[in-house]
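> Return a 3D structure for these sequence lines:
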Amino acid sequence: MKELFKIHQKDKKFLYTTTVLFVFVNLLWAFYSDNTWDDDCPARFQNTLHALKDPNQFVSLWNRPLFIILFVLPAQLGAWTIPIIQTLFSIFAGFSLYQVAKNQQLKFAYLAFPLLVFQPFVFGVSRYAMTEPLAITLICLSLFFQVKKKWNAFAICGALLPLARLELVIFFPFYIFALFNAKRYLSIFILGVPCLLWAIAGGLLNNNILWIIDETIGKEKKENRYGHQEWDTYLSRYAYVVGPVLILFSSLGSFKAWKSKFLRLYTLFPFLLGFLSTHCFANSAI
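Sure, this is the predicted structure:
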């Protein structure tokens, strides 16, 4: 992980200044705003707080197991620990993208950090008791470990991704392809271990060996907590979610990404797959 913060000399001033600014603004907003929690956050925080007495919270599909595991001990100290840790995760994610951009010899690689952490959606959730920051960090770290050829760490990040956001299991083929291409065949099996342990633990706690099936595929016809959405829900909101700056640069950058095999396969294609899948999950019970 030491390589993650190995910054090129000419980029240090900008990145360190931007990092300090992000931390200051994010934590100031978190601690001095009257409305810093999404509707889901109080419930997830309370569930995390009581998880030591109620093991079912660790396997809850709605809580997301990775969030409970990471925050169950810090939460005992108070809700103030959540924005601090989530801010740290965003920093890891931003520096990961910077390192990937440097590896791909992209111009203005240092802009990867602010374009991520200050992107409206990412910045909006980066201090809350939500699971999106965990997924964002795992995806960014995955790219970092991939370009550094640290394949076991790469596989572990991919394996943990569904425990943060179950729908992101659709990215498994990209992990499998990268590991297969690197001839790290045994590492492929790492991808399924956390989900298997989750299924076993959930089955034992609920006395139902098919618990994970019943809680996912078995609920697909039931109404979800947010209700069914229109097919173009995410498409119509995309520009608002990512903001005008990122949508401009990502549109321009898509041409550069298409010319690079790595960027095309591991950033552009996963983005398109993830974006299109949101339309399916808009009407899903998961």
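> Contacts for the helix or strand that contains residue 201, please.
Assigned by DSSP states H and E, residue 201 falls within helix 193-205. Residues outside helix 193-205 that contact it (Cβ atoms under 8 Å, 6 or more residues apart in numbering): 55-56, 58-59, 65, 159-160, 162-163, 169, 209-212, 215. All C-beta spots, glycine's among them, are computed from the backbone N, C-alpha and C.
> how about 10 Å then?
54-61, 65-66, 155-156, 158-163, 166, 169, 172, 189, 192, 208-216 (Cβ atoms under 10 Å, 6 or more residues apart in numbering).
> Run a quick neighbour tally on residue 272.
By other Cβ atoms under 10 Å, the residues close to residue 272 number 11.
> That one: what secondary structure?
Recorded secondary structure, residue 272: helix (DSSP: H, G, I helix; E, B strand; the rest coil).
> That one and residue 100, how far apart?
Distance, residue 272 to residue 100, by Cβ to Cβ, to the nearest Å: 18 Å.
> again with residue 27
On the measure of Cβ to Cβ, residue 27 and residue 100 end up 26 Å apart.
> quick one, which of those two is more surrounded?
Shown here are residue 27 and residue 100; by other Cβ under 10 Å, residue 100 has more neighbours (25 against 15).
> is it true that that one touches residue 263?
Yes. Between residue 100 and residue 263 a contact is recorded at 9.1 Å, counting by Cβ atoms under 10 Å.
> what's the distance between residue 152 and residue 193?
On the measure of Cβ to Cβ, residue 152 and residue 193 end up 12 Å apart.
> Show me what the helix or strand residue 83 falls within is packed against.
Residue 83 belongs to helix 81-103 when assigned by DSSP H and E. Counting contacts by 3 or more Cβ pairs under 10 Å, 6 or more residues apart in numbering; DSSP states H and E, helix 81-103 packs against helix 9-32, helix 40-49, helix 65-75, helix 112-117, helix 120-125, helix 132-147, helix 261-263.
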